[in-house]
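Engineer: I would like the atomic coordinates for the input below:
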Amino acid sequence: MDDALQITTLISIWLSLLMSLTTLVGAIYFWLRHSKVLVKITPLKRYPKVTLVVPAHNEELVISKTTQAILNLNYPADRLEVFIYADNCSDGTAKVAQKIISQYPERRANIQVIERTGTGGKAGVLNDALKIAHGEYLGVYDADAMPEENALYFLVKKILENPEKYKAAFGRNKTRNARQNFLTKCINQEIVVTQRIQHCGIWQLFKIGRIPGTNFIINTDYVRSIGGWRNGALTEDTDISFKIMGSGSLIALAYNSEAFQQEPERLKDYYFQRLRWAKGNYEVVINNFHHLFDKSNWRVKLETIYYSCTFFWFNLAIVLSDIIFIANLSALIIHIWDPTVELPFTISRSNILLAQILLFNWLLMILLYILQINVAMNTQYGQSTNEQLWLSLASYFTYSQLFIVVSVHAVNSVMMDHIFHRDSTKWVKTKRFAD
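Structural biologist: Okay, the predicted model is just below:
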């Protein structure tokens, strides 16, 4: 039984490495095709009206720059409608936004600051906006996400390539406080890998897109047809991504569209933000797991397999392999002084084959982790440096291990929420910083 468990753990680790390597190959192919393409800003064949929504809960520290960035977008003012929601705010979010808007008299007619007291969190805000939106497309920018001048232009340009098939388009998000401290430097690497490797690789190989929560647009009538966002969803972006794929439509990648978002600068804020995300993703897996056995399209099934493996199977395999590896390594060290100590985990009691294989697996995981980060950094101007190489090595032993802790906590929390019928929509707000 022990041997079977250990061998299953090894095979699981190899499958996770294969999945990561496949995505990396897809991303490399994507960037080989696109890195030398000269991007030009030319007039679009048409400019559909877009309703932009900014959900903001106590965001007075960051709403100013985000509002300015939206007002400076390279998109016709008469084709743009903006709703800034001060959602259950107890600070000056609404006043700060109004002050910035007053500096742009030519756009004041098309932008509203709405002080909201409803429920449902971000999903509730988006559903409220959906009821009054006049745009053909509805776009979302988080309160800390500053869109680059042409961000909306590229989103619209991409979706107009095939508006019948592309029901949504999403861009990339970059860390605006990446140099603040060790934590934000590690988060920056994670974000770059997610945007430049995972999103690009999966789009290149399977034409699968994942709405990232900010810097995206979606067909307004289509959202209405599927009932909008699920109120209280902890990761409303992943939730609606499954709905879009389930209908046979696509979420297109507009890789030139960029927004700059503020990331947590304190470990506590980071932990609870990622815990919320992990809980939301576990909920999405649980809610969509049945698609593996019904007549859903292959993209939904593939995405369900990806999330199930990433958040359940592979996480468990990594935890088990770490336990086995650390236990064997500790026994080997103790064996130097006490020859009677034997390895607790071996494929047979008379050899150290398993310890050798686990060491090889561990080295492979480190190598692939560093390779992913540095390939991603090479696709982004100014990010590929010697510092990033050493940072990626350090982050493997520190930052990346936090994900395992967060995942275990999230699984336990989701189970307790279901057992005791707790309200899982409450979370600790991510602290913002003036920048």
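Engineer: Asn88 is in contact with Val125, correct?
Structural biologist: No - when contacts are counted by C-beta atoms under 8 Å, Val125 is not listed as touching Asn88 (9.7 Å). In short, each C-beta sits where N, CA and C put it, glycine included.
Engineer: ok, those two, which is more surrounded?
Structural biologist: Each of Val125 and Asn88 had its neighbours counted (other C-beta atoms under 10 Å), and the higher figure belongs to Val125 (26 against 15).
Engineer: Let me see the contact set for that one.
Structural biologist: Val53, Pro55, Tyr85, Asp87, Arg116, Gly118 (C-beta atoms under 8 Å, 6 or more residues apart in numbering).
Engineer: What's the ChimeraX line that selects buried ones from the residues you listed?
Structural biologist: One line in ChimeraX is enough to select the buried members of the contacts of Val125, burial here meaning 16 or more other C-beta atoms under 10 Å:
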select :53,55,85,87,116
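Engineer: quick check, nearest of the contacts of Val125 to Phe312?
Structural biologist: Closest approach between the contacts of Val125 and Phe312, by C-beta to C-beta: Pro55, at 29.8 Å.
Engineer: for the helix or strand that contains that closest one, what is the average pLDDT?
Structural biologist: Assigning secondary structure by DSSP states H and E places Pro55 in strand 50-56. The pLDDT scores in strand 50-56 average 96.
Engineer: so what strands line up beside that strand?
Structural biologist: Sheet pairing for strand 50-56, assigned by DSSP bridges, gives strand 80-87 (parallel), strand 137-140 (parallel).
Engineer: Contacts made by that strand with the rest, please.
Structural biologist: Identification of contacts with strand 50-56 by C-beta under 8 Å, 6+ apart yields 63, 66-67, 70, 75, 79-87, 89, 93, 97, 122, 125-126, 129, 133-143, 152, 156, 217, 220.
Engineer: What is the burial count for the closest residue in space to Leu130 that isn't next to it in sequence?
Structural biologist: Computed as C-beta to C-beta, 6 or more residues apart in numbering, the closest residue to Leu130 that is not its neighbour in sequence is Gly228, at 5.2 Å. Per other C-beta under 10 Å, the neighbour tally for Gly228 reads 19.
Engineer: Summarise which helices and strands whichever helix in the chain runs longest is packed against.
Structural biologist: Of all the elements of type helix in the chain, the one with the most residues (DSSP state H) is helix 2-34. Here helix 2-34 is seen to pack against helix 200-206, helix 314-337, helix 353-378 when contacts are counted using 3 or more C-beta pairs under 8 Å, 6 or more residues apart in numbering; DSSP states H and E.
Engineer: now with 10 Å?
Structural biologist: Of the remaining helices and strands, those touching helix 2-34 by 3 or more C-beta pairs under 10 Å, 6 or more residues apart in numbering; DSSP states H and E are helix 182-193, helix 200-206, strand 250-261, helix 298-308, helix 314-337, helix 353-378.
Engineer: Would you mind finding the most buried of the ones you listed?
Structural biologist: Counting by mean count of other C-beta atoms under 10 Å, strand 250-261 has the highest mean neighbour count of the helices and strands packed on helix 2-34, with a mean of 22.
Engineer: and that strand, average pLDDT?
Structural biologist: For strand 250-261, the mean pLDDT works out to 95.
Engineer: residue contacts, Leu371?
Structural biologist: Residues in contact with Leu371, defined by C-beta atoms under 10 Å, 6 or more residues apart in numbering, are Ser20, Leu21, Leu24, Ile197, Ser392.
Engineer: Pull out the buried members of the contacts of strand 50-56.
Structural biologist: Members of the contacts of strand 50-56 that pass the buried threshold by neighbour count (16+ other C-beta under 10 Å) are listed as 63, 66-67, 70, 75, 79-87, 89, 93, 97, 122, 125-126, 129, 133, 135-143, 152, 156, 217, 220.
Engineer: that older thread, now for the contacts of Leu371: which two are most distant?
Structural biologist: Taking every pair in those and measuring C-beta to C-beta, the maximum separation is 16.6 Å, between Leu21 and Ser392.
Engineer: These two: which is more packed in?
Structural biologist: Neighbours per residue, other C-beta under 10 Å: of Leu21 and Ser392, the larger number sits with Ser392, 23 against 14.
Engineer: Quick check: which element contains that one?
Structural biologist: When secondary structure is defined using DSSP H and E, the element that contains Ser392 is helix 386-397.
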